[in-house]
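[1] Show me the folded form of this:
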Amino acid sequence: MARYTGPKTKIARKFGEPIYGSDKYYEKRNFPPGQHGAAKKRKKVSEYGMQLQEKQKAKYTYGILERQFRNTFEKASKKKGITGEILLQLIESRVDNTVYRLGIAPTRDAARQLVSHRHITVNGKVMNIPSAMLKPGDIVAVREKSKSLEVITNAVEGHTNSYPWLEWDSATLTGKFMSYPNREDIPETINEQLIVELYSK
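    Numbering: from 1, shown residues only. Next comes the predicted model:
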């Protein structure tokens, strides 16, 4: 499966919630996509179907492909603690996701592009791997020559950091990944236990 680049509202309607954030088109048509979407009742889904749907929702939300997602799950399952929570913590520690959470980019797709195009540094070194994972104490910043980019200036304008595991300095466009987030601090409505059950079959 290649990275999804189609209409995001269609995916949000599929899952019955605006997984990509505020979406005025979703608000107008918050029923399943398709010719009979408005009249069609959502079918009762099997246990496996629910687990699969939750995994797909997480993948679409964070923009991760299957192989990367499974590798992250395997890494999480080897660590001590609750596997589902560790899975989300590892995903949240990705560079692209952190750039998005810090408000440097308006969406995760835009964050991934900024990283790929070498506009972001980690601990002073240029980073171009969106899936790279941060450790507590790592410093994420906008490259000096990229600070005037319109997409970045528009994103950070008026932005206030609302995530307790991140620290943001708007004067220098620098953020710090202070710790792995607690589950209750992650705003995504993902039932990670269903994903664990799916991969444990």
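[2] For the protein, which segments count as helices?
    Taking DSSP state H as the test, the helices found in the chain are 8-15, 24-28, 47-62, 66-77, 83-92, 95-101, 108-116, 150-156, 192-199.
[3] for the longest one, the distance to its chain's centre please.
    Mean C-alpha position of helix 47-62 versus that of the full chain (C-alpha atoms, centre = their mean, to the nearest Å) differs by 14 Å.
[4] For Gln113, see how far away Thr107 is.
    Thr107 sits 9 Å away from Gln113, going by C-beta to C-beta, to the nearest Å. To be clear about C-beta, it is placed using only N, CA and C from the backbone, and glycine gets the same treatment.
[5] now swap in Asn123 and tell me
    Distance of Asn123 to Gln113, computed by C-beta to C-beta: 21 Å.
[6] neighbour count winner among these two?
    Using other C-beta atoms under 10 Å as the criterion, Asn123 and Gln113 rank with Gln113 on top: 16 against 12.
[7] so what's that one up against?
    Gln113 makes contacts with Ala105, as judged by C-beta atoms under 8 Å, 6 or more residues apart in numbering.
[8] Enumerate the positions of stretch 56-69 that are buried.
    Going by neighbour count (16 or more other C-beta atoms under 10 Å), the buried part of stretch 56-69 is 56-64, 69.
[9] what about dumping the CA coordinates of it to CSV?
    Provided in CSV are the C-alpha atoms of stretch 56-69 (Å, rounded to 0.1, in the frame of the first residue of the first chain):
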residue,chain,number,x,y,z
GLN,A,56,-6.4,1.3,10.0
LYS,A,57,-7.6,4.4,11.9
ALA,A,58,-4.3,4.7,13.7
LYS,A,59,-2.3,4.2,10.4
TYR,A,60,-4.3,6.9,8.6
THR,A,61,-4.2,9.3,11.6
TYR,A,62,-0.4,9.2,11.9
GLY,A,63,0.3,8.6,8.2
ILE,A,64,2.2,5.3,8.7
LEU,A,65,2.4,2.4,6.3
GLU,A,66,1.8,-1.2,7.3
ARG,A,67,5.4,-2.4,7.5
GLN,A,68,6.5,0.6,9.6
PHE,A,69,3.5,0.2,11.8
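[10] any idea how this structure splits into domains?
    8-90+188-199, 95-179 (automatic domain parsing).
[11] Stretch 173-185 - what's its average pLDDT?
    When pLDDT is averaged along stretch 173-185, the result is 96.
[12] Send me it as PDB with only the CA atoms.
    Presented in PDB, the C-alpha positions along stretch 173-185 are these (Å, rounded to 0.1, in the frame of the first residue of the first chain):
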ATOM      1  CA  LEU A 173      11.400  28.200  16.800                       C
ATOM      2  CA  THR A 174      12.900  25.400  18.900                       C
ATOM      3  CA  GLY A 175      11.200  22.600  20.700                       C
ATOM      4  CA  LYS A 176      12.300  20.000  23.200                       C
ATOM      5  CA  PHE A 177      10.900  16.400  23.500                       C
ATOM      6  CA  MET A 178      11.000  16.200  27.300                       C
ATOM      7  CA  SER A 179       9.500  12.800  27.900                       C
ATOM      8  CA  TYR A 180       7.300  10.100  26.400                       C
ATOM      9  CA  PRO A 181       3.700  11.200  26.700                       C
ATOM     10  CA  ASN A 182       1.200   9.700  29.200                       C
ATOM     11  CA  ARG A 183      -1.700   8.000  27.500                       C
ATOM     12  CA  GLU A 184      -4.200  10.400  28.900                       C
ATOM     13  CA  ASP A 185      -2.300  13.300  27.400                       C
END
